[in-house]
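Student: Structure, please.
(chains A and B)
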Amino acid sequence: MDLVQMQKSLQDYTKSLFLEGILDSQFLQLQQLQDESNPDFVSQVVTLFFQDSDRILNDLSLSLGQQVVDFKKVDPHVHQLKGSSSSIGAQRVKNACVVFRNFCEQQNVEACHRCLQQVKQEYYLVKNRLETLFKLEQQIVASGGMIPAVELGF
Amino acid sequence: MEVCNCIEPQWPADELLMKYQYISDFFIAIAYFSIPLELIYFVKKSAVFPYRWVLVQFGAFIVLCGATHLINLWTFTTHSRTVALVMTTAKGLTAAVSCATALMLVHIIPDLLSVKTRELFLKNKAAELDREMGLIRTQEETGRHVRMLTHEIRSTLDRHTILKTTLVELGRTLALEECALWMPTRTGLELQLSYTLRQQHPVEYTVPIQLPVINQVFGTSRAVKISPNSPVARLRPVTGKYMLGEVVAVRVPLLHLSNFQINNWPELSTKRYALMVLMLPSDSARQWHVHELELVEVVADQVAVALSHAAILEESMRARDLLMEQNVALDLARREAETAIRARNDFLAVMNHEMRTPMHAIIALSSLLQETELTPEQRLMVETILKSSNLLATLMNDVLDLSRLEDGSLQLELGTFNLHTLFREILSLIKPIAVVKKLPITLNLAPDLPEFVVGDEKRLMQIILNIVGNAVKFSKQGSISVAALVTKSDTRAADFFVVPTGSHFYLRVKVKDSGAGINPQDIPKLFTKFAQTQSLATRSSGGSGLGLAISKRFVNLMEGNIWIESDGLGKGCTAIFDVKLGISEGSNESKQSGIPKVPAIPRHANFSGLKVLVMDENGVSRMVTKGLLVHLGCEVTTVSSNEECLRVVSQEHKVVFMDVCMPGVENYQIAIRIHEKFTKQRHQRPLLVALTGNTDKSTKEKCMSFGLDGVLLKPVSLDNMRDVLSDLLERRVLYEGM
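Tutor: Here you go, the predicted structure:
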């Protein structure tokens, strides 16, 4: 595939992520922070996000799997996940966390289980897409091209 | 007694006579002796006899007479000289005493007679006093009855009970046959029989109020005797031969609240009276006594007072019930209002987020689109889309945050921009629509209008666009002219003095259109939210009616004034506003064309080497914040807990960013402890900025109360961070970035 086409497909792919609401403007912010002095900023942040989130999701599954659910332990985890996801712009994950937190406050175990499933779903989705995105970028860089810097419109 | 000094005894011839004389003398003597004894005895018994010495005299007189008669007994037979002597002495004494007594009696008897007269007089007096006593007693009885009646009447505040009790008690006290009360009807032209004593269900009986007998009774406050045959007294069918008892009628004033003046007792200028009729039993010969009439009058007065009290009480009870009802209704209304406000706030909070998201998608994608290969026309279109959507995003922010506007917590985002360019942009935005409507727009910028100014560009654009947009909307033909000038001191509003200070000036913008015009009466309503003038031309144009209200608020925030002048319907109108803008020294970097955002003031140089400390528990957001700051050239240290922060913070750090998202107050404690750490070297204390996801007022207030210098909303954009840092370092305080 030639460079221009690859760049175009990267553009389209990124566009689709925004259109579907998987990512929001915060992600663009992150991309803006990436420059010559900090070339891998975005991937570093995203990798950290993945590590953190995997850990949190495990802890959440454990906590919610208990006989007696201690919501005082569950809530901080969800809060943490919400913070992380909003920092990188994983919009749908963040929204799912918001809903999760509401049910936590209500101490509704059933609903919390459902929410956890939803969060996991969204998380794996965004993880998948971001990984694909990075692969595309790597391909472009490998072919000697430049990843077009996104001009911020807001 | 003849004392015969005859020598010869004449026994046989006068012996009988002698014997009789002898016996008589004897008895006389005894009587004479016993009388004084009796006198003494009885006088001793009585204490009041005043003339004791008279008594003595009299006693002596009688004793001596008795002695004389006694001695006489011895003179019937021959008697010695001694006896004759004694006899003579006795007689002589007797004569003396009796003469003395006789003389004394001349004095005494008139006295005694006068005693008699006095006695008679006293008896009369006693009789009189008895009568008076009788009267007083009756009066006291009456008084007692009145008190009892009054007590009975006043012990209740129910009108019906009062009247019934009056009749019953009066009937009892005065032993009446019948007692009736006539009340005036609502029309005031008749008296209606309302209450009677004996008849349980009185026939509903009326008499006209203008009868002479009634007028007579109403004319005086006294009880008046009336004829038993008058219409008010004829309550029962006349049953033949009984002599009807006497009838008395008295008026009972019906007082209203308004009769009670503050200084006087109730004026009896009231026109409304009731009539009380009292009838004595038919076949008794009783008459109305004065004290009974007085009793009736007093009772009538008391009844009047009691009735008025009852009326007052009724009114106040009614008023109180009304107040309670109103209270309940108000309470309900307040709760409803509160619910409505809460619902609105909830709605705003939700819509806030929901509406921003697609907006950002549009903006983001348009920006991305801009970066692709486009033909010049396409580029222009995309730029217009971007501009419009940015404007729309701002408008949405403002509309949805109307509560902030009303709170007064909205703040202007000041920045430097090119005023001339702004106007040209606005014109180019409006031109398409104007061209379609065939309305030429002219722009006139005064020559002394500064080019680079400091102010809130977005909001100023919004204001001008709103006004120009209105002008275009409401004009069907003609032209529109926009003029911008620096205003001198001849302003319209009297209380608004334009004083251009050194670095500020007042921009005046006049937008004149030749459209439908506005009725001068409607002008004040224009600036109220959601109000629209209902002329035919405007009805089809839609719009929420918020534009002018928001513009007015922004103008006020910019310390300005906005008003509309119109010569009337069909004569067009001119919208004028003044706002205060700052003059910028020279031009800073000209902003990128077409994108109305707060321009970047690049002070990369100022930030290089700036030492900052970032405290955030969340690894990802810590990294992002660090990345931001590093990109801006700062030297960043990161910590992940409060304790670590306290340990690491030193005077080298100029700014500390702390995440306060975690629920609880512990986050803010760190601010207090940093303050404590630097109490001695207050100048070297780093600036404290909170990073939070909440944008509401309570978070801001909380931060302020804990001594933080600023609040930032996560996630922070690069430009936001840049501006915030520069403002912070310049002003050392910041409550922006929301």
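
Student: now the residue in the stretch 1-150 of chain B that chain A sits nearest to: how far from B:Leu295?
Tutor: As assessed by CB to the nearest CB, chain A sits closest to B:Thr150 within the stretch 1-150 of chain B, at 70.2 Å. Placement of C-beta: from N, CA and C, glycine included. Separation of B:Thr150 from B:Leu295 (CB to CB, to the nearest Å): 11 Å.

Student: what's the answer for B:Lys125, then?
Tutor: On the measure of CB to CB, B:Lys125 and B:Leu295 end up 29 Å apart.

Student: Tell me which of the two has more neighbours.
Tutor: The neighbour comparison of B:Lys125 against B:Leu295 (other CB atoms under 10 Å in any protein chain shown) goes to B:Leu295, with 22 against 10.

Student: From what I see, the more buried one and B:Thr142 are in contact.
Tutor: Yes: assessed by CB atoms under 8 Å, B:Leu295 is found in contact with B:Thr142 at 4.9 Å.

Student: any idea which helix is longest in chain A?
Tutor: Identified as the longest helix of chain A according to DSSP state H is helix A:109-142.

Student: In which helix or strand does the nearest residue to B:Leu422 once chain neighbours are set aside reside?
Tutor: Leaving aside its chain neighbours, B:Leu422 sits nearest to B:Met461 (6.1 Å; criterion: CB to CB, 6 or more residues apart in numbering or on different chains). Element membership for B:Met461, per DSSP states H and E: helix B:457-473.

Student: Tell me the residues on chain A that lie near chain B, please.
Tutor: By CB under 8 Å from any CB of the partner chain, the residues of chain A that approach chain B are A:11, A:14-15, A:18-19, A:21, A:24-26, A:28-30, A:32-33, A:35, A:37-38, A:41, A:44-45, A:48-49, A:52, A:76, A:79-80, A:83-84, A:86-89, A:91, A:148, A:150-154.

Student: For the residue nearest the centre of chain A, which non-adjacent residue is spatially closest?
Tutor: Geometric centre of chain A, nearest residue: A:Ala90, 3.7 Å, by CA atoms, centre = their mean. Excluding the flanking residues, the one nearest A:Ala90 by CB to CB, 6+ apart is A:Val126, at 4.7 Å.

Student: ok, the one you found - how many residues close by?
Tutor: Around A:Val126 there are 25 residues (other CB under 10 Å).

Student: and it, what is it in contact with?
Tutor: Contacts of A:Val126 were listed using CB atoms under 8 Å, 6 or more residues apart in numbering or on different chains, and they are A:22-23, A:90, A:92-93.

Student: if we go to 6 Å?
Tutor: A:22, A:90, A:93 (CB atoms under 6 Å, 6 or more residues apart in numbering or on different chains).

Student: do stretch B:631-640 and chain A meet?
Tutor: Yes: applying CB under 6 Å from any CB of the partner chain, one finds stretch B:631-640 in contact with chain A at B:His631.

Student: can you give me the end-to-end distance of that stretch?
Tutor: 21 Å (CA to CA, to the nearest Å).

Student: what does that stretch contact?
Tutor: A:33, B:604, B:607-615, B:617, B:622, B:626, B:629-630, B:645, B:648, B:722.

Student: Now list the buried members of those.
Tutor: Buried subset of the contacts of stretch B:631-640 (neighbour count, 16 or more other CB atoms under 10 Å in any protein chain shown): A:33, B:607, B:610, B:612-615, B:617, B:622, B:626, B:629-630, B:645, B:722.

Student: Which of those residues fall within helices?
Tutor: A:33, B:607, B:622, B:626, B:629-630, B:645, B:722.

Student: related to what we said a few turns ago, which neighbours do B:Leu295 and B:Thr142 share?
Tutor: By CB under 6 Å, 6+ apart, no residue touches both B:Leu295 and B:Thr142.

Student: ok now do A:Val109, which residues does it touch?
Tutor: Going by CB under 6 Å, 6+ apart, A:Val109 touches A:Val69.

Student: what about the spatially most central residue of chain B, which helix or strand?
Tutor: For chain B, B:Leu323 is the residue whose C-alpha lies nearest the centre (CA atoms, centre = their mean; 10.3 Å). For B:Leu323, the element it lies in under DSSP H and E is helix B:290-370.

Student: Can you confirm whether that helix lies near chain A?
Tutor: Yes: on the criterion CB under 6 Å from any CB, helix B:290-370 is in touch with chain A at B:360-361, B:363-364, B:366-367.

Student: quick one: which of those is nearest to B:Ala95?
Tutor: B:His360 (163.4 Å; CB to CB).

Student: Got the confidence number for the closest one?
Tutor: Per-residue pLDDT puts B:His360 at 81.

Student: The closest residue in space to it that isn't next to it in sequence - how many residues pack around it?
Tutor: Take B:His360 and drop its neighbours on the chain: the residue closest to it by CB to CB, 6+ apart is A:Ser25, 5.0 Å away. Using other CB under 10 Å, A:Ser25 has 22 other residues around it.

Student: Over to A:Leu57?
Tutor: Neighbours around A:Leu57, by other CB under 10 Å: 17.

Student: so where's the stretch 201-350 of chain B shaky on pLDDT?
Tutor: B:201-203, B:236-242, B:256-271 (pLDDT under 70).

Student: Find the nearest non-adjacent residue to the residue of the stretch 1-150 of chain B closest to chain A, please.
Tutor: B:Gln302 (4.8 Å).

Student: Thought B:Gly92 was touching B:Ala67, still the case?
Tutor: No: in this structure, B:Ala67 is not within contact of B:Gly92 by CB atoms under 6 Å, at 11.5 Å.

Student: Between those two, point out the one with more neighbours.
Tutor: A count of neighbours by other CB under 10 Å puts B:Ala67 above the other of B:Ala67 and B:Gly92, at 20 against 12.

Student: mind checking the backbone torsions on that one?
Tutor: Backbone torsions of B:Ala67, given as degrees, to the nearest 10, read phi -60, psi -40.

Student: what are the ranges of the helices in chain A?
Tutor: Going by DSSP H, chain A shows helices at A:3-19, A:25-33, A:41-65, A:71-88, A:91-106, A:109-142.

Student: Pretty sure the residue nearest to B:Thr150 sits against B:His151.
Tutor: No: assessed by CB under 6 Å, B:Gln302 is found out of contact with B:His151, at 9.7 Å.
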